[in-house]
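Q: Next comes the sequence, and after it the predicted model I'd like to discuss.
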Amino acid sequence: MSNIVVGNIGLSFHRAVAAVSRRVLEAHGHQVTQVEAPHEELFGMQAAGRVDVLLSAWLPASHGTYLSGYRDQVLVLEPQYHPYCVWAVPPYVPENAVQEVADLLHADVRERMTPVIDGINPGAGISRFSGRMIGEYGLDDAGYRFVPGTEAGFLARVERGLAAREWFVIPLWRPQYLNRVHGLRALTEPMGLLGLIDAASPVVRDEAADAIGPAALAHLRRLDLGNDAVEELDALINVEGYTALQAADGYLQRHQELLRSLI
């Protein structure tokens, strides 16, 4: 069988989904090399032929622009989950004070809310959307600013803010383990600047599809995890300290039907 290069975006939940997909490919006899990179860089690697299977492209909103330059050279498989982006606040911030993004402009909220809105790396859809929102909602005039960063820094910032019962807003998304453990509350965003509910799909280079084979491709097409499962995997990594492969193996042990041929 072939050696297949699986590439994932360098975030824990993408790593987890790639690990499950890797086990599917291995169940069909393939050897798998797994690589990861930031969002835009990973799509560039696939366009250059260095990644056979990319996990995952959030389409159409978050990652469509990265795929558009070589869309005619790949297969976009059926989605494994359906992600979406939000801005969220901790559960102790009263809903009657902050219910939608524009409420951040109210004087009494502005006095208590931390003005720095921390995010993940700038290539993420949520980061691009959040940077635009600062201007579109006039939040910059009120002193707010969006600062992209690393996943580790973002997670540490959330934990630190919650421990101090700080009022803060964060760009968030589903699936993400923070949704399971902290009860963060999404704000209404009436302008629709945070994109749509995307389809998170594996992207397979046409040249790699023959090597992967119809049985393995069909199995990947039927691997419907859903947001809840991805958040469960993400929590195993970030809360329980599992590696991505350990999380995938534990999940697959509990859901053995996912490794059975579905064709």
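A: Thanks, I have it.

Q: all contacts plus neighbour counts: C-alpha atoms, from now on.
A: Fine.

Q: quick one: Pro90 from Leu225, how far?
A: 27 Å (C-alpha to C-alpha, to the nearest Å).

Q: So which of these two has more stuff around it?
A: Pro90 (20 against 15; other C-alpha atoms under 10 Å).

Q: right, and the more buried one touches Leu162 too?
A: Yes - Pro90 lies in contact with Leu162 (C-alpha atoms under 8 Å); the separation is 7.1 Å.

Q: contacting residues around Ala248?
A: Contacts for Ala248 (C-alpha atoms under 8 Å, 6 or more residues apart in numbering) come out as 16-17, 19-20, 233.

Q: so Asn8 bridges to which residues?
A: Glu36, Leu55 (DSSP bridges).

Q: That one and Ser56, how far apart?
A: 7 Å.

Q: neighbour count winner among the two?
A: Asn8 (29 against 26).

Q: quick one: the more buried one and Glu41 touch, right?
A: No - in this structure, Asn8 is not within contact of Glu41 by C-alpha under 8 Å, at 10.6 Å.

Q: about what we covered before: who touches both of Asn8 and Ser56?
A: Both Asn8 and Ser56 are in contact with 14, 18, where contact means C-alpha under 8 Å, 6+ apart.

Q: On the pLDDT front, check Trp87 for me.
A: Trp87 carries a pLDDT score of 98 in this model.

Q: partners of the host helix or strand of it in the sheet?
A: Following DSSP states H and E, one finds Trp87 within strand 84-89. When pairing is defined by DSSP bridges, strand 84-89 lines up against strand 170-174 (antiparallel), strand 185-186 (antiparallel).

Q: Heading C-terminal from the shortest one, find the next helix or strand.
A: If I follow you right, that is strand 185-186. Sequence-wise, the next helix or strand downstream of strand 185-186 (DSSP H and E) is strand 199-205.

Q: Could you name the helices and strands sitting against that following strand?
A: Here strand 199-205 touches strand 53-59, strand 74-76, going by 3 or more C-alpha pairs under 8 Å, 6 or more residues apart in numbering; DSSP states H and E.

Q: Name the helix or strand of this structure that has the lowest mean pLDDT.
A: Sorting the helices and strands of the chain by mean pLDDT, DSSP states H and E puts helix 178-182 at the bottom, at a mean of 91.
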